[in-house]
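In: Prediction below, plus the sequence it came from.
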Amino acid sequence: MKINKKHALIRFIVAGLLLASTTYADDAAQAFKWPKGQKAAVSLAYDDALNSQLDHAIPALNKFGLRGTFYLQLFNPVVDQRLAEWRAAAKKGHELGNHTLFHQCSKSKPGRDWVGVHRDLDKMSVEQMKDQVIMANTMLYSIDGKRDRTFTAPCLDKEAGGKNYIDAVKSEFVAIKLESGNVVPDMNKLDPYAVPVAFPADATGQQLIDIVKEAAAKGTMANFTFHGVGGDHLSVTVEAHEELLKYLAANKNIYWVDTFVNQMKYVKANQKK
Ligand SMILES: [Zn+2]
């Protein structure tokens, strides 16, 4: 009896060691594989539906043959005034993403004096936000005719009236940009509904390029969310933006630049959990 117990214990330890070594080998073999042997994905996204995006960002993307994702805040008059241009951008292959109808953010957080009292996420309910986010998808469908889409939570805030509203809208989207961070640490562990994103206001072209190089070294993904490009708020210069695009276009063998919806469909289908 005693001997049997001892043998069982040894067998248990050996099995554990074997399992550990197999898991380790699997980890090494399971580095995330991007299409065509590319080393990283780069998502170029632009929030809030701004004039400078139509004036500068989209022409630059088109010039270099790259696709971006434009998160429209649908109440912004620039959507109404330049609807034909947003529609043309979608036809060119850019994604029109959901950034809500009214861009509600929590007014109680530091630096949120700019949030209108009637746009205070703290005063909204989960149900109200869910209705509005779904309505925004319907409006986007009427602009581009597409059903698959991604979301960026305004201000990356998660709670409406103190309760998580992201969980209530997840099922409407392929993926959601929700956390702050430049480069995804591990594709297999990435939650498609809490993707980290960088807000590179005032960055130089070289600083932007350094971020994508870090993603290539890690074999993961760099997510940019720009606002103004050569104008508007939180802006980068036209030159810095173009420097990044030129670098990405010259290194298409390394970087997969595409709409966030296309990239995240691929990621979800290829993640090894
Ligand atoms: Zn925004």
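Out: That came in fine, so what should we check first?
In: can we go C-alpha only for contacts and neighbour counts from here?
Out: Noted.
In: Next to the ion, which bits of the protein? Give me the list.
Out: 48, 154 (C-alpha under 5 Å from the ion).
In: What segments of the chain are helices?
Out: Assigned by DSSP state H, the chain shows helices spanning 2-29, 51-52, 58-64, 77-81, 83-91, 126-144, 166-169, 205-218, 238-250, 260-270.
In: Now render those as JSON lines, adding mean neighbour count and mean pLDDT.
Out: Formatted as JSON lines, the helices of the chain follow (neighbours: other C-alpha atoms under 10 Å; pLDDT from 0 to 100):
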{"stretch": "helix 2-29", "mean neighbour count": "11", "mean pLDDT": "48"}
{"stretch": "helix 51-52", "mean neighbour count": "18", "mean pLDDT": "97"}
{"stretch": "helix 58-64", "mean neighbour count": "17", "mean pLDDT": "98"}
{"stretch": "helix 77-81", "mean neighbour count": "14", "mean pLDDT": "98"}
{"stretch": "helix 83-91", "mean neighbour count": "16", "mean pLDDT": "98"}
{"stretch": "helix 126-144", "mean neighbour count": "17", "mean pLDDT": "98"}
{"stretch": "helix 166-169", "mean neighbour count": "17", "mean pLDDT": "98"}
{"stretch": "helix 205-218", "mean neighbour count": "18", "mean pLDDT": "97"}
{"stretch": "helix 238-250", "mean neighbour count": "18", "mean pLDDT": "98"}
{"stretch": "helix 260-270", "mean neighbour count": "18", "mean pLDDT": "98"}
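In: Could you provide these in a markdown table, with additional columns for distance to R112?
Out: A markdown table is the format used below for these (distance: least, C-alpha to C-alpha, whole Å):
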| stretch | distance to R112 |
| --- | --- |
| helix 2-29 | 43 |
| helix 51-52 | 23 |
| helix 58-64 | 29 |
| helix 77-81 | 22 |
| helix 83-91 | 29 |
| helix 126-144 | 19 |
| helix 166-169 | 20 |
| helix 205-218 | 27 |
| helix 238-250 | 27 |
| helix 260-270 | 28 |
